[in-house]
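Trainee: Structure, please.
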Amino acid sequence: MWNAILISFACMAMTTSAQSDLRSDAAMPSRLYTRPPVSATIHRPMPISITRSRLTQFEVNADTFTERPTSRFGAFPYLIVGKHTGYPLKRMLVKFPMPQDGPAGADYAALTDGAQVQRATLKIFFVYAHRATGQTEAWIDRPIRAAALRLNWTEMGATSSLRYSGAPWPNPLLTNAIAVLRTNQATTIVPAGRAGYWVSWDITAMYRLWLSGGLANNGLIMWATNEDEVGRDLRFASRSFANTTVRPYVDVQWTSTPPTNAPTAAPTGTPPAAYCHASGDPHYRTFDGQYYNFQGQCEYILTSDCRTRADNAFEVQVRNSRRPRGARQVTRTIAVAIKLPTGRSLRVLQLFRERSQMRLDGAAVSDASLPYTDGFGNMISAWGTRGVTVEVRSVGATVTWNGASTVRVTLSTSSPLFNNSCGLCANADGAVANDATLSALNNHWIVNPRTSRTPLLAADPTRPATCVESTIPATTNPCDTAEKQAAAQQYCQSLDRTQGVFSGYANCFPLVDPTPIFEDCMFDFCVDPSIACDTLQLYEQVCRDEGETNFTSVLDVCGVCYGSGTSCQPTCTAAGDPHYKTFDGQRYNWQGQCEYVLTSDCRGGRRSASGFEVHVRNSRRRPLPGRQVTVTMAVAVRLPVLASTRLGSVMTLEMHRTQAQHRLNGRPLPTLPWADTNGNEIHANGRGLRVYVGTVGATVVWNAGSTVQVTLEAWSPLLNNTCGLC
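Mentor: Residues are numbered from 1 along each chain as shown. Reported below is the predicted structural model:
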């Protein structure tokens, strides 16, 4: 028999927003989001036709997986694919209505009536790879193929043998139930060893057929092409998953043009949206696309509204600092300041590498106060893995700071700053030819009393009183050995256009030329490998802003290049006699001799009687001369149960200092490793235990001595929703 995951996509009401695509968590997109126009086809001096490109996300409204002929899992939190030892095959099916099936609206009319779908991408969040109870199954690569279905099904009626009550699946399914054209199929490999990220399938061809009526929309079947190979099954978040931000959805990038009988727009001379950036050590790109390097060690105007010299006009300043590397002298951007226009007054936002140092008008800005908006069109996002974004709507500008060394300024198509800006980003006049002359004036944009420009950043006592202007030739090449060049090429290879379709960024290449950024990446790697990631991060963001999301990112969920996704995971620890460290890094000591809640699921502002929770038992240690101390002696973990098991509807794991004392619901532990269908796992960890709670993305490690550690994954719904000693 076989199992299937069934997913159905709903087309919810679309909204058009001018907000940046940079959200507080790059791995967790907002559920409904329509990108504003990002491209325009302009022909001068003839009348123009604007082609609007939009990216719309539709939320899933039905999903399930099937395991046996009589089992239904319409409300289960996981979607599962793969094969365990002695278990049936697991396959996935997906289905979603088309836009015309949703609420009426202008955007729906455009997408339904003559719109061109540029790309449709199915996205499902991979939570973890599950090992069957009592088995030592390998975690193997699983290529998962999606194909269009000819037959319908229902979420609550589908089983391994039925599409719905009274309607059986044909046999064999993969021969008789699918539209077999290869253009109606897509395959994505889910590699072993990495979890906690979005997996994408390009379903453009099938979506176009569904939209046009060329193929009945009965959705997709998805299966592992190596499904007969035994290994861990793969568990994805379903629409019933506790964390709503990782539920499945589909991205549709589409364009619409004005009807042919509509008046043709008059030429405005306004260029398409433009962006400027400073990245790495540092490399600059002007609004018009001129790339150059500049090693000044002062504070500079990156860009400014040069229609006026008024104190309350929009302006972005950057602070560059020297990074000594042997005999080489390079700099990087370490801080950014932004003037926020507010009518007649002036507000200044200061951004540093440490998010805790953020200041607005000199006052600290806490995470709890973000996102922030004022009454003048200025918006500050919450910090995420890609940094922080600031919108200044009065001038159509968006500023992004990644918290490392990259600052980016984007002008909307209607910004008044076109041909009215000045600074290191040049003038945004649409003519790249004059930017080389303008960029040669880089030292001209120093901020100091001599240039009559007021510094926006607070004075740094660690910096010299007099800054050093650039004396480094722009042509200096740090990749001066074959070994350095080879290492840099390997690290930056995704940006190498000669890789063609073998590059993870291949879909981005036609939209954004990677060559200058590839060169910047190699330069940075040879100077300092720790800053080269900024260049890759920058290219991915530019690609997204051009409307392309179907590429293989080198960033993990923490925003680290080629990382494991663990560097940003909040961790709480109780160790020793005992010393505590909270999830947010606060350290303290406390000698209580009772039992305490170390951490608990406190969503909704209160603890749940059946939710995830960790208790610790502290006991007085053997008295020391003049001191009374305690130590953690035992730990208890309440494991969430979504469906009753033979062990009951609530499970509690007790962990003590000896293995013989460990208990699961009062009974001796089963053979380890152990797992259930609720996403709970227990593993041996030396003399102690490691517990994974899949529904909330939490790991509890007990060393059977005096140390317990709780780690939350980057997608965990417990972020900002815990209470207790942590």
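
Trainee: From now on I want contacts and neighbour counts done on CA atoms only, so please keep to that.
Mentor: Fine.

Trainee: Now do the buried residues in stretch 90-100.
Mentor: Under the neighbour-count criterion of 16 or more other Cα atoms under 10 Å, stretch 90-100 has 90-99 buried.

Trainee: and the spatially closest residue to Cys543 that is not a sequence neighbour, which of the three is it?
Mentor: By the measure of Cα to Cα, 6 or more residues apart in numbering, the closest residue to Cys543 outside its immediate chain neighbours is Cys508, 5.7 Å from it. Reducing the assignment to helix, strand or coil with DSSP: H, G, I helix; E, B strand; the rest coil, the entry for Cys508 is coil.

Trainee: Just give the number of residues close to Cys508.
Mentor: The number of residues packed near Cys508 is 23, by other Cα atoms under 10 Å.

Trainee: cool, Asn477 as well?
Mentor: As a burial measure, Asn477 scores 11 neighbours (other Cα under 10 Å).

Trainee: May I ask which helix or strand encompasses the closest residue to it other than its chain neighbours?
Mentor: Among residues not flanking Asn477 along the chain, Phe523 sits closest, at 7.0 Å (Cα to Cα, 6+ apart). When elements are assigned from DSSP states H and E, Phe523 belongs to helix 515-527.

Trainee: Same question for that helix: list its buried residues.
Mentor: Of the residues in helix 515-527, those with enough neighbours to count as buried (16+ other Cα under 10 Å) are 517-527.

Trainee: Nearest to Ile380, out of these: which one, please.
Mentor: Nearest to Ile380 among the buried residues of helix 515-527 is Ile517, at 27.5 Å by Cα to Cα.

Trainee: So which residues of this structure form helices?
Mentor: Ranges of helices within the chain are 106-112, 173-176, 204-212, 435-439, 482-491, 515-527, 533-545, based on DSSP state H.

Trainee: Which stretch among those is buried most, on average?
Mentor: With neighbours defined as mean count of other Cα atoms under 10 Å, the helices of the chain peak in mean count at helix 515-527, which reaches a mean of 23.

Trainee: so what does it touch, helix or strand wise?
Mentor: When contacts are defined as 3 or more Cα pairs under 8 Å, 6 or more residues apart in numbering; DSSP states H and E, helix 515-527 sits against helix 482-491, helix 533-545.

Trainee: quick one: that helix to helix 482-491, angle?
Mentor: Helix 515-527 runs at 130 degrees relative to helix 482-491, counting by axes from the mean of the first three to the mean of the last three Cα atoms, to 10 degrees.

Trainee: Do a quick rundown of the strands in the stretch 351-500 of the chain.
Mentor: 359-360, 363-364, 372-373, 378-380, 388-392, 397-401, 407-411, 421-422 (DSSP state E, counting those that start in this stretch).

Trainee: out of those, nearest to Gly694?
Mentor: Go through the strands of the stretch 351-500 of the chain one by one with Cα to Cα and the one that ends up closest to Gly694 is strand 388-392, at 29.2 Å.

Trainee: Tell me the strands beside that closest one, with direction?
Mentor: Under the criterion DSSP bridges, strand 388-392 sits next to strand 378-380 (antiparallel), strand 397-401 (antiparallel) in its sheet.

Trainee: deepest of the ones you listed, which one?
Mentor: For the strands paired with strand 388-392, where neighbours mean mean count of other Cα under 10 Å, the stretch averaging the most is strand 397-401, with a mean of 22.

Trainee: rewinding a little: identify whichever of the helices and strands packed on helix 515-527 lies nearest to Arg285.
Mentor: Of all those, the one in closest proximity to Arg285, counting by Cα to Cα, is helix 533-545 (11.5 Å).

Trainee: Averaged pLDDT, the closest one. What do you get?
Mentor: Confidence over helix 533-545, taken as the mean pLDDT, stands at 83.

Trainee: Strands of the stretch 501-650 of the chain, start to end?
Mentor: With DSSP E, counting those that start in this stretch, the ranges of strands along the stretch 501-650 of the chain come out as 571-575, 579-581, 587-589, 595-601, 613-620, 630-639.

Trainee: what sits up against the second one?
Mentor: Which is strand 579-581. By Cα atoms under 8 Å, 6 or more residues apart in numbering, the residues outside strand 579-581 that reach it are 571-574, 586-590, 725-726.
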